[in-house]
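Undergrad: Whatever this is, show me its structure:
(one chain, ligands or ions: 1)
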Amino acid sequence: MATPKIILYTNHLCPWAHRAHIALKESGLEYEEVIIDLNVPREQWYLDINPGPRGLVPTISYNGNIIIESAIVSQFIADAHPSHLLPPSAPVENAITRARINLFVDAFISKVLPHLFAGIRAASEQERDAAAEALIAGVLKEVEPLLASTEGKGPFFGGSEKLTLAEVLTGSFLLRILSFGKPEHALVSTKLPVLLEKAPRFKRWSEATVNHPSVNFIWNEKLVADLTRAKFAPKA
Ligand SMILES: N[C@@H](CCC(=O)N[C@@H](CS)C(=O)NCC(=O)O)C(=O)O
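TA: Down below sits the predicted model:
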């Protein structure tokens, strides 16, 4: 296959755009990067590329084909360049693996992630602690059981030794979950790191994921924490 020409329109502080970086890096694909300033209204040229109401990031141009929405972009990359991230959809065992990854990511995004944002926006200590408790409850009920296949095997989804699409789609959020509760940021309850000890599979999986170079190469913990506070945390 000829080397594709890929342009990634992105912003390194956006967890959704971050997914595309992980997918491209882990697939070993070269790409040109265009940073979109999210602090100013999008220019018309970008709205022409990504026609949604707000001109979101990420967008990729793949040999001139425009693809938007981070999950679709990441899946497209994994489909167009088959690798350890995601098996081709047939035979049926592969389709089952793909369904399991989709279910896992859906559980994480819908049952765990909302409590991270609730913790950041909480107006009181009590609300922050309640959000951390709800986050760990979501992990224990929805995510920990789906990580049973990592027991005694590789740390990534399904017991893989290498990243999978599951980590591509969750890694940027895991970076935030594991760092925002540190005392130096205290963006969510500082009890969160202790609470996460209750979920040993999640702990091993999430730590392996955030320590992987394809996941953390654009991550700037302090900058993201400071900007997240400025944008979302209630003003004192
Ligand atoms: N559902 C979209 C969400 C992308 C998204 O919300 N991106 C934000 C940045 S994190 C954005 O571009 N916001 C536009 C703005 O802030 O003006 C995806 O997964 O790609």
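Undergrad: show me the contacts for residue 157.
TA: 100, 101, 104, 147, 149, 150, 164, 166, 167, 205 (CB atoms under 8 Å, 6 or more residues apart in numbering). Quick note: C-beta positions are derived from backbone N, CA and C, even for glycine.
Undergrad: what about the longest helix in the protein?
TA: Counting residues, the longest helix in the chain under DSSP state H turns out to be helix 92-111.
Undergrad: Among the contacts of residue 157, which ones lie close to the ligand?
TA: Residues of those in contact with the ligand (CB under 6 Å from any ligand atom): none.
Undergrad: Could you say which of the residues you listed is surrounded by the most neighbours?
TA: residue 167 (29 neighbours; other CB atoms under 10 Å).
Undergrad: roughly how far apart are the residue nearest to residue 87 when sequence neighbours are not counted and the ligand?
TA: Distance criterion CB to CB, 6 or more residues apart in numbering; nearest residue to residue 87, sequence neighbours excluded, is residue 94 at 3.9 Å. Distance of residue 94 to the ligand, computed by CB to the nearest ligand atom, to the nearest Å: 25 Å.
Undergrad: where does the chain dip in pLDDT?
TA: 1, 236 (pLDDT under 70).
Undergrad: how is it carved up into domains?
TA: As recorded under automatic domain parsing, the domains making up the chain are 6-80, 92-232.
Undergrad: In JSON lines: those domains, plus distance to residue 86.
TA: Shown next, in JSON lines, are the domains of the chain (distance: least, CB to CB, whole Å):
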{"stretch": "domain 6-80", "distance to residue 86": "4"}
{"stretch": "domain 92-232", "distance to residue 86": "5"}
